[in-house]
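1. whatever this is, show me its structure:
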Amino acid sequence: MKLVVTNEQRLDDVYFRSTTDGVIVETSVSGRNAADLTVRHALLETDPREARQSQPLRLKDRRGVDQWQLPAAGDVAAAAQHGLISRIGINDVQPRLWSPEQPDLYWLKTELLSGETVVDERITTVGFRTFEVRNGKFYLNGKPYFLRGDNMPPAGIQPNNGAGTRTAASPQALDAAERESSDLVDLRYYAERNQTGFSTCRSFLRIFDRT
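-> Okay, here's the model as predicted:
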């Protein structure tokens, strides 16, 4: 269980849907007078939480714009109860595309503003890629892609052997999976896999017989 303390006016969620040269960002906003607020986005080259002493480089579009904003317009009464969805398209940004061979990531910084005052903020780790099926073949970023995977769990098999209680995958399991060119790993480790270049994932449940 996790307790999150928020402002009365807040960002409830951020949805990121990418193409190879742009993105649609949908932001859920709620709170008093939410329709009077503004949502602002920036795409950063590095995680700002790890480099607080310096300003991360920003991804720009063809016009040189490096931040995008729009009013969180909508029905005020509905916003107080159900929230608003602010939707913006960011085009022509020419990002480095994510792939297992080159798992490039960006950090979407979303701010909620009342006038010029930031009342809430969220950082979302994102990547630019497309994945589709055409004529029975997989295509990653518009190019044919062959998926491979394995069925090796990334944590310990026994309930009390130490590794089985870890919240992250063991380095040995990751190394072995990379040596085998594996793409198929546990669903719980999305963030770690995004940074190491795994392209597919699998969720499994282990039930131990204690009798």
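
2. strands of the chain, residue ranges please.
-> 10-18, 22-30, 38-44, 68-71, 84-91, 106-114, 117-126, 131-134, 137-140, 143-144, 184-186, 200-202 (DSSP state E).

3. quick check: mean pLDDT across the last one?
-> Which is strand 200-202. In this model, strand 200-202 has a mean pLDDT of 53.

4. now do the same for the residue lying closest to G22 once chain neighbours are set aside: its pLDDT.
-> Computed as C-beta to C-beta, 6 or more residues apart in numbering, the closest residue to G22 that is not its neighbour in sequence is N91, at 4.1 Å. (Glycine included, C-beta is placed from N, CA and C.) pLDDT, N91: 91.

5. got it, and L57?
-> 90.

6. begin at 644 from here
-> Got it, first residue is 644 now, which makes that one L700.

7. pull the contacting residues for the nearest residue to it once chain neighbours are set aside.
-> Residue nearest to L700 in three dimensions, not counting chain neighbours: E688, with 4.1 Å by C-beta to C-beta, 6+ apart. Listed by C-beta atoms under 8 Å, 6 or more residues apart in numbering, the contact set of E688 reads P699, L700, R701, L702, Y749, W750.

8. switch to 7 Å and redo it
-> P699, L700, L702, Y749 (C-beta atoms under 7 Å, 6 or more residues apart in numbering).

9. likewise for T663?
-> Counting by C-beta under 7 Å, 6+ apart, T663 makes contact with L740, F771, T773, N784, G785.

10. may I ask which two of those residues are separated the most?
-> Spanning the widest gap among the contacts of T663 are F771 and G785, at 12.0 Å by C-beta to C-beta.
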